[in-house]
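Novice: sequence and predicted structure are below.
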Amino acid sequence: MRSDDPLRKRPAKSKPEIWVSGGQRPPFDLRALGTGTLHLAREGVAPLHAWAARTARRVAVKVKDGAGRLPVEKLGRAERFVPSHLRVAGWIKNVGATLAHASANADPDISRGNALVTEIEPHLWAETAPQPEAEPPVAAPQEPVAPVDLSEPKAEADPLASIRGELADKTSRTLPTHPAGPDSPPGPPGAVGTAVIQVTGYLIGWASVIIALPYGLARALWQWANGRDLKAIGRED
């Protein structure tokens, strides 16, 4: 039989090299591209905020310990306008807490963001619980002593003295109470301060994510060009 017989079964063609090597580019999905872009933008921004938050807390601790403190004798009359190093340390710590909330809102990993906030948020100064007052010692019972009358004749009441006493009492009540001195550490932020830190961190976090969207888009397209499925971005865990 001749080799060019039309009835003879021809051998099947081998698959192209692109199929054999597994290097076929996955289909392009616009919706998956948007999701992957957002995920990669958040993934790129969150570590930057976390690094800045940890750096701010370390700087706050150093300032609290006296690093960079200005000598009082060189300030002169401007001393009353310059905040204490303890107050500056508290401000820097609040900046770090704000950046920690920004990182937590930008980070797609919720547990990692919450762990960062827990690490940065504690107050720089340990709060000591008030100690209970010691009870006065109980005196031993004594024998009753007969009372001795040492009373003197009552003097007539001076109306001017009573008026002066009332005026002095009212003046002492209306004087303002001054807060802790400038060298005393500031207290932790209250409910309003904590809310401001959280809201500011939320706004900073998402604003930075929006700014980083071009970076996320470039990374998503680059990974898709190298053969990665856009739908798999952010779904590896």
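Specialist: Noted; the coordinates are in hand.
Novice: give the buried residues for whichever helix in the chain runs longest.
Specialist: In the chain, ranked by residue count with DSSP state H as the criterion, the top helix is helix 30-64. By neighbour count with 16 or more other C-beta atoms under 10 Å, helix 30-64 contains the buried residues 32-33, 35-46, 49-50, 52-54, 56-57, 59-60, 63-64. All C-beta spots, glycine's among them, are computed from the backbone N, C-alpha and C.
Novice: can you report how many residues lie near residue 83?
Specialist: Neighbour count of residue 83, defined by other C-beta atoms under 10 Å: 12.
Novice: give me phi/psi at residue 108?
Specialist: As for residue 108, its main-chain torsions (degrees, to the nearest 10) stand at phi -70, psi -20.
Novice: is it true that it touches residue 40?
Specialist: No. Between residue 108 and residue 40 there is no contact under C-beta atoms under 8 Å: 9.5 Å.
Novice: quick check: neighbours shared by those two?
Specialist: The overlap between the contact sets of residue 108 and residue 40 (C-beta atoms under 8 Å, 6 or more residues apart in numbering) consists of residue 234.
Novice: now residue 93. Nearest residue, chain neighbours left out?
Specialist: Nearest residue to residue 93 in three dimensions, chain neighbours excluded: residue 60, at 4.0 Å (C-beta to C-beta, 6 or more residues apart in numbering).
Novice: tell me the spacing between residue 186 and residue 122.
Specialist: 14 Å (C-beta to C-beta, to the nearest Å).
Novice: what helix or strand does the residue nearest to residue 229 when sequence neighbours are not counted sit in?
Specialist: Nearest non-adjacent residue to residue 229, counting by C-beta to C-beta, 6+ apart: residue 26, 4.2 Å away. Using DSSP states H and E, residue 26 sits within no helix or strand.
Novice: count of residues packed around residue 26?
Specialist: 13.
Novice: burial check on the residue nearest to residue 224 when sequence neighbours are not counted, number of neighbours?
Specialist: Distance criterion C-beta to C-beta, 6+ apart; nearest residue to residue 224, sequence neighbours excluded, is residue 230 at 5.4 Å. The local packing of residue 230 (other C-beta under 10 Å) involves 22 other residues.
Novice: quick check, pLDDT for residue 230.
Specialist: Turning to residue 230, the model gives it a pLDDT of 83.
Novice: distance check, residue 122 against residue 90.
Specialist: 13 Å.
Novice: which of the two has more neighbours?
Specialist: Neighbour count, other C-beta under 10 Å: between residue 122 and residue 90, residue 90 has more, with 23 against 13.
Novice: please, which helix or strand holds the more buried one?
Specialist: Using DSSP H and E, residue 90 sits in helix 85-106.
Novice: remind me which residues of this protein are low pLDDT?
Specialist: Within the chain, the segments meeting pLDDT under 70 span 1-24, 68-82, 126-183, 236-237.
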